[in-house]
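let's see this in three dimensions:
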Amino acid sequence: MPPKRERDRYKITTVALNVLILIVLAFQGWTLYQTVEISRNDQRAWVGAVDVSFPDVREGSALHATVLVTNSGRSPARNVEHDVCYNIGPAADLFTPTYARTEAAPPSISVLQPGAQVRLPVYRAPLTQQQAEDILSGQQTLYVFGRISYEDVFNTPHETTFGYSLVPSLSGWRHTNTYNTAD
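Next up, the predicted model:
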């Protein structure tokens, strides 16, 4: 039997080696987790709005604008649900989304394949004559906005929000300063 001092040194060395092995294993586990997450982000669905069609801004118009949504990811987006609406507000105010869902709005798209695009209609009551005149004069701003929720093939839920404001000259759309997110 080795002397006590040698046994103690052996125990300390064994404990130190075991701790070192645990640290190395933990680091390898963390590195593997990060690698899997990077791979999932690379392969997952990425759904977002890419364009808004130009609406007919006249009194009584039902605002037949649509939002073009695409899956720019590498895998299907499943259980896609959406709300796309519009608001009209004073040109100087900050944009605040307020959803007004109608019965006519389809609640979901089952699957959006990679590279696929779909046009989502904008829902709300028709414009009044005063609203149309205020938008055309630049006193009011027309906002088209929405949220899209979906799952990727890894069963991870995601949500994208978007907001556009109509340029007063009616020449196009610009992104709002807030409410444009994707996770």
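
the residue lying closest to V167 once chain neighbours are set aside and Y164, how far apart?
Closest residue in space to V167, ignoring its immediate chain neighbours: R174 at 6.1 Å, by C-beta to C-beta, 6 or more residues apart in numbering. Bear in mind the C-beta positions are built from the backbone N, C-alpha and C, glycine included. Distance, R174 to Y164, using C-beta to C-beta, to the nearest Å: 7 Å.

the two: which has the busier surroundings?
Under the criterion of other C-beta atoms under 10 Å, the comparison of R174 against Y164 puts Y164 first, with 24 against 10.

any figure for the gap between that one and T14?
Y164 sits 65 Å away from T14, going by C-beta to C-beta.

and the strands in the chain, which stretches?
If you assign secondary structure with DSSP state E, the strands in the chain sit at 47-52, 66-71, 77-90, 108-112, 117-121, 140-151, 157-166, 173-175, 181-182.

and the third one, what does it pack against?
Spelled out, it's strand 77-90. Applying 3 or more C-beta pairs under 8 Å, 6 or more residues apart in numbering; DSSP states H and E, we find strand 77-90 packed against strand 66-71, strand 108-112, strand 117-121, helix 129-137, strand 140-151.

using CSV, lay out those together with mean neighbour count, distance to L25 and mean pLDDT.
Shown next, in CSV, are those (neighbours: other C-beta atoms under 10 Å; distance: least, C-beta to C-beta, whole Å; pLDDT from 0 to 100):
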stretch, mean neighbour count, distance to L25, mean pLDDT
strand 66-71, 20, 38, 93
strand 108-112, 15, 39, 82
strand 117-121, 15, 46, 90
helix 129-137, 16, 63, 84
strand 140-151, 22, 32, 92
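
and W173, what are its bridge partners?
L166 (DSSP bridges).

what pLDDT does the residue nearest to V167 get?
If you check R174, the pLDDT there is 89.

equivalent analysis for the one 5 residues further on, please.
Per-residue confidence for Y179 comes out at a pLDDT of 87.
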